[in-house]
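1. Pasting a predicted model and its sequence here:
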Amino acid sequence: MSTALPSTRSFALPAARSVALPIALVVVWQLAGAASGNARTPLPTHVLAAALQLIESGELPLALLQSLGRVFTGFAIAAALAIPLGLAMGSFAGVERNVDPLVESFRPIAAIAILPLAILWLGTGTPAAVLIVAYAAFFPIVVNTVAGAKRINPTLLRAAATMGLSRLAIVRTVVVPGALPAIGTGLRIAMGVAWTAIVAAELAVGAKAGGGGSGGIGQMMFVFYAYSIELNRIVVCMIAVGLVALALDRALRAAMRWAMPWAAR
Amino acid sequence: MNGRVKLKLEGVGKRFDAGGTIAVQDVTLDVVQGEFLVIVGPSGCGKTTLLNILAGLEAPSAGSVAIDARPIRGPGPERGVMFQDYALFPWQTVWGNIAFGLRHGPAGDGLGAAGIDARVRSTVELVGLAGSERKYPHQLSGGMRQRVALARLIANEPEVLLMDEPLAALDAQTRIILQEELLRIWGQDRPASERRTVVFITHAIDEAVFLADRVAVMTSHPGRLKAVIDVPLPRPRNDATRALAESQALAQRIWGLIRDEAYRATVT
């Protein structure tokens, strides 16, 4: 669905072009870091060494998998609740009138702000983290689904009505596919938000548990920060978080393209 | 026209937002079972509004409208609509669009999957879409989209076909071919009792004369019925019909009824 401008240099290798900027940034980082003269400044070379070590020991993959599991669970719960609710709100004015004020008054409350409640109710383990993720991911999906359901060309709804479809059948056959692009956008935003929320939640839960056993990438960062002050390792975690988010977004986009073969590329 | 009244409009008026513009005023008209009625008139004469009222998509603000003597209170599958902007579902292929009403609406009740496929197949061939079944609407030209919309309407086999400028986007040749196809689908070779009832909007006066049993001429501001002209040309109609002096004379007469307003519309 991207409408990129036509390239003026179509002969360069596409792969080379897409990594050129990151490589340039790493080079600048290395040079600037070395020039700073501060021994504690993390340099790309040191970070790479720390990354290899953390991968080899299995710590980083394990932490990432733990966090990913929580993200997927929370994300799935959020989508399962938010998509039907958003469709109902976008299709039936009565539902929207009643639910919208609730959604809009909870939406500004940051996911991390419900952490105290989550910990009190669910403890410092996975359920609390999943709740935070689900809460954070819920709102972008609802808001985008409602917008998508309302933006459907009204003539399409009329066309279905003239073919004798019931309102429920129209929601299923017209509103759902018509809102799918917007739902996809909501899911992509929600995935990013979920990933942000899990790192924050694990960092905070890590603090509460005093480095206990809740695990996850966020808690790993907390441990490197609070107990060993290993900046290189913290940077490894940051980069890992970013790369995983990138991969998740690409996967979601691919899934959307697969689910919407009609959308022009 | 003699015969059983299929659609009955009595003093129908439509005013958008209280005190606002009057789109349609005091239209009284009977459409007989099996009749091909064409509505012509300048832009803004309320043709589309009238069609929407018949479809049950808009309620009249004055008067009454009925099908088979029952008041029309909303849309129904016995009244199929072909919309001016086609209203194709972008997420459905050509095949999926044509099959839509059969799969999801009452039009396909009792047909079964094989029956639906057979109906879609024959409709696809009828409108000349063979080979494009798997394409999506955005991959089609305007004329092809119009054929899909026409095919979707026909596949549902409604008793009444309400068509809003259904051939306007076609090139002249295709248009002539589809006009004859349309008459065949409508049932011009069958007795009037076995024909469907058609209400057809067009800008093209020659098209109106070629297709219609009667032409309803409307004027604008507000949209009113100016005259209903009988078109006594013999059926079945074909290329020879177009060349008849009588066809030309009827077209001239209808043009005479709307000429002044049409000129005014181009000036203002």
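-> That came through fine.
2. wait, does the strand or helix carrying residue A:258 contact chain B?
-> Using DSSP states H and E, residue A:258 maps to helix A:231-259. No: for helix A:231-259 and chain B, the contact criterion (Cβ under 8 Å from any Cβ of the partner chain) is not met; the two come no nearer than 9.8 Å. Glycine gets a C-beta too; all of them are placed from N, C-alpha and C.
3. What ranges does chain B have for its helices?
-> Counting by DSSP state H, one finds helices in chain B at the ranges B:47-55, B:94-104, B:112-126, B:142-155, B:172-186, B:205-211, B:239-243, B:245-267.
4. try chain A
-> Using DSSP H, helices in chain A cover A:14-36, A:44-56, A:59-91, A:93-106, A:115-122, A:126-150, A:154-162, A:167-170, A:176-209, A:217-223, A:231-259.
5. follow-up on the earlier one: could you dump the helices of chain B to JSON lines with mean neighbour count and mean pLDDT?
-> Below are those laid out as JSON lines (neighbours: other Cβ atoms under 10 Å in any protein chain shown; pLDDT from 0 to 100):
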{"stretch": "helix B:47-55", "mean neighbour count": "24", "mean pLDDT": "94"}
{"stretch": "helix B:94-104", "mean neighbour count": "23", "mean pLDDT": "97"}
{"stretch": "helix B:112-126", "mean neighbour count": "15", "mean pLDDT": "94"}
{"stretch": "helix B:142-155", "mean neighbour count": "23", "mean pLDDT": "91"}
{"stretch": "helix B:172-186", "mean neighbour count": "17", "mean pLDDT": "87"}
{"stretch": "helix B:205-211", "mean neighbour count": "23", "mean pLDDT": "95"}
{"stretch": "helix B:239-243", "mean neighbour count": "12", "mean pLDDT": "91"}
{"stretch": "helix B:245-267", "mean neighbour count": "14", "mean pLDDT": "86"}
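6. Can I get those helices in TSV including distance to residue A:139?
-> Listed next are the helices of chain B as TSV, based on distance: least, Cβ to Cβ, whole Å:
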stretch	distance to residue A:139
helix B:47-55	38
helix B:94-104	32
helix B:112-126	41
helix B:142-155	38
helix B:172-186	50
helix B:205-211	53
helix B:239-243	63
helix B:245-267	50
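7. who wins for proximity to chain A among those?
-> Distance to chain A, taken as Cβ to the nearest Cβ, is lowest for helix B:94-104 among these, at 3.7 Å.
8. Would you mind listing what in the stretch 51-200 of chain A touches chain B?
-> Close to chain B, as judged by Cβ under 8 Å from any Cβ, the stretch 51-200 of chain A has residues A:153, A:155-156, A:158-165, A:169, A:173-174, A:177-178, A:180.
9. excluding its backbone neighbours, what's nearest residue A:90?
-> residue A:149 (2.5 Å; Cβ to Cβ, 6 or more residues apart in numbering or on different chains).
10. dump the residue contacts of the residue of chain B found nearest chain A.
-> Ranked by Cβ to the nearest Cβ, the top residue of chain B for proximity to chain A is residue B:77, at 3.1 Å. Residues counted as contacts of residue B:77 (Cβ atoms under 8 Å, 6 or more residues apart in numbering or on different chains) are A:162-164, B:101, B:105-107, B:156, B:158.
11. Pull the distance from stretch A:172-183 to the chain's centre.
-> Centroid separation for stretch A:172-183 versus its chain: 21 Å, with Cα atoms, centre = their mean, to the nearest Å.
12. how close does residue A:182 sit to residue A:158?
-> Going from residue A:182 to residue A:158 by Cβ to Cβ, to the nearest Å gives 20 Å.
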